[in-house]
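Peer 1: Take this sequence and fold it.
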Amino acid sequence: MVRLPFHAEHIGSLLRPADLQEAKTKAANKQLSDAELEAAEHKAITHIVKRQQDEGVRPICSGEYDRKVYFGGFFEELDGFEEVEDAPWDLYRLSAPPIAALKKAGLKYPMTVVCNGKIAYKH
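Peer 2: As a prediction, the model looks like this:
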């Protein structure tokens, strides 16, 4: 590993391996159980953690392989929100380039959460 002349860290999403992408697609299409998806995520995380260790990367991260989106896990800890499947496009901010690109490509946003009550921390 080459030492850089400056300090840099990466925390966050890493590119998902093809087999994990395939498992997530199958799970979304109900062709894979939650337990099977979790096993695929665990396998991919184990591999990417080992790779980071072998390369001397610090700090080590999971690559966020077990999240749908970068804010995954946030709304699940709050009351007052619900995940909505197949949300209509008028719920989205279409002026945001990533949202506009998804719509143009005929794709859906991976996770849509709407407020349905008083917001409170669950714990």
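Peer 1: Would you give the sheet partners of the strand ranked longest in the chain, along with the direction of each?
Peer 2: Longest strand in the chain, counting residues (DSSP state E): strand 113-121. Note on strand 113-121: by DSSP bridges, its sheet partners are strand 78-83 (antiparallel).
Peer 1: would you put the C-alpha positions of the partner strand in PDB?
Peer 2: What follows is strand 78-83 as a C-alpha-only set of coordinates in PDB (Å, rounded to 0.1, in the frame of the first residue of the first chain):
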ATOM      1  CA  LEU A  78     -38.300   6.500  15.300                       C
ATOM      2  CA  ASP A  79     -42.000   6.300  15.800                       C
ATOM      3  CA  GLY A  80     -44.100   8.400  13.400                       C
ATOM      4  CA  PHE A  81     -42.800   7.100  10.100                       C
ATOM      5  CA  GLU A  82     -43.700   4.300   7.800                       C
ATOM      6  CA  GLU A  83     -42.000   2.900   4.700                       C
END
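Peer 1: For the following helix or strand past it, buried residues please.
Peer 2: Sequence order places helix 97-104 as the next helix or strand after strand 78-83, per DSSP states H and E. By neighbour count with 16 or more other Cβ atoms under 10 Å, helix 97-104 contains the buried residues Leu102. The C-beta positions use only the backbone N, C-alpha and C, and glycine is treated the same way.
Peer 1: Likewise for stretch 50-67?
Peer 2: For stretch 50-67, the neighbour count (16+ other Cβ under 10 Å) marks 52, 61-67 as buried.
Peer 1: Please apply the same query to stretch 73-80.
Peer 2: Neighbour-count burial for stretch 73-80 flags Phe75 (criterion: 16+ other Cβ under 10 Å).
Peer 1: Next, the distance between the ends of it.
Peer 2: Start-to-end span of stretch 73-80 (Cα to Cα, to the nearest Å) is 14 Å.
Peer 1: contact partners of it?
Peer 2: 67, 81, 83, 113, 115-123 (Cβ atoms under 8 Å, 6 or more residues apart in numbering).
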